[in-house]
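*Asks:* output the structure for:
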Amino acid sequence: MELTVQGKQVSVGDALRTHVTGKMEDIDQKYFNHATAVTVTFAKEGHGHGVFRVHISYQVGKNIVINTDGEAGDPYGAFDTAAEKAAKRLRRYKRRLRDDHARSEKTPESEIMKARYYTLAIGQEAPEQDTDHEDVPRGDDPVVIAEMSKDVETLSVSEAVMRLDLSGQSALMFRNATHKGLNMVYRRSDGNIGWLDPEGNGGAKKAARAKPAKTSKSK
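*Replies:* Here you go, the predicted model:
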């Protein structure tokens with residue numbers, strides 16, 4: 001396990017680094033023992049008696065990342081809060097994570113769709129462009145401030161929900177393993193998970209074709 005402990009305007013001393021290392025190694029050995037990389041970031045807000053915030057990014061497999069946050073009046077308390085959240089999620093999905101890890105090692109590249117991921121900023125004026133192309137932002141249109149590649153994996157709905165819960169993200173796009181159409185799971189404001197399966201992407205039609213025809217019994 002590759003562990004990185006860093007601070008944003010916060011000095012991370014040897015004692016704190018040792019505490020973090022021991023805790024993360026214990027969690028990994030107890031619940032998964034397959035973590036490839038862990039990054040723990042300390043930050044402090046305010047002056048004097050400010051609040052310490054800790055973010056843990058815990059990669060447990062290919063494209064499977066646990067993201068947790070904690071805050072407290074001291075760095076140890078903030079880290080312990082974030083670490084307990086990570087341990088809780090690992091406990092919840094321990095068996096399924098091991099199964100998913102074994103399956104992902106055998107997933108062919110053809111099962112993964114490549115996509116472009118954009119970060120859009122609103123409220124920024126778009127730079128002037130000497131073109132009338134419809135994709136060029138104008139006025140209050142969102143502006144692309146970051147672009148990166150992203151894998152859209154083939155997953156079952158339950159696997160997608162697990163990944164969404166582990167990562168702490170608000171939404172996840174995936175290819176439905178049943179019909180290969182694009183789906184999305186997202187976190188609702190009531191705390192539940194929504195599942196979007198658009199009509200016409202192949203799911204409904206394939207399900208209908210797979211349904212056995214009714215047969216009449218002879219008397």
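*Asks:* please parse this protein into its domains.
*Replies:* 2-104, 109-210 (automatic domain parsing).
*Asks:* between those domains, which gets the lowest average pLDDT?
*Replies:* Confidence, taken as mean pLDDT, is least for domain 109-210 of the domains of the chain (a mean of 75).
*Asks:* pull out the buried residues from the longest helix belonging to the chain.
*Replies:* Assignment by DSSP state H gives helix 75-104 as the longest helix of the chain. Of all the residues in helix 75-104, those buried under the rule 16 or more other C-beta atoms under 10 Å are 75-76, 78-83, 85-87, 89-90, 93, 97-98, 100, 104. C-beta: built from backbone N, CA, C; applies to glycine.
*Asks:* same check, this time on stretch 64-72
*Replies:* Neighbour counts over stretch 64-72 (16+ other C-beta under 10 Å) mark 64, 65, 66, 67, 68, 70, 71, 72 as buried.
*Asks:* quick one: which two of those are the most distant?
*Replies:* For the buried residues of stretch 64-72, the farthest-apart pair by C-beta to C-beta is 64 and 72; their separation is 27.3 Å.
*Asks:* could you say which of the domains of the chain is packed most deeply?
*Replies:* Of those, the one with the most neighbours on average (mean count of other C-beta atoms under 10 Å) is domain 2-104, at a mean of 16.
*Asks:* off-centre distance for that domain?
*Replies:* Distance of domain 2-104 from the chain centroid (C-alpha atoms, centre = their mean, to the nearest Å) equals 15 Å.
*Asks:* closest to residue 163 among the buried residues of stretch 64-72?
*Replies:* Residue 163 lies nearest to residue 64 out of the buried residues of stretch 64-72, by C-beta to C-beta, at 6.2 Å.
*Asks:* partners of the closest one in the sheet?
*Replies:* On the basis of DSSP bridges, residue 64 is bridged to residue 61.
*Asks:* same check, this time on the one 4 residues further on
*Replies:* With DSSP bridges as the criterion, residue 68 is bridged to residue 56.
*Asks:* ok, now which ones touch it?
*Replies:* When contacts are counted by C-beta atoms under 8 Å, 6 or more residues apart in numbering, residue 68 touches 55, 56, 58, 82, 83, 85, 86, 89, 168.
*Asks:* so who does the residue lying closest to residue 90 once chain neighbours are set aside touch?
*Replies:* Closest residue to residue 90 apart from its sequence neighbours, by C-beta to C-beta, 6 or more residues apart in numbering: residue 31 at 3.8 Å. Going by C-beta under 8 Å, 6+ apart, residue 31 touches 87, 90, 91, 94.
*Asks:* I appreciate the help and will end here.
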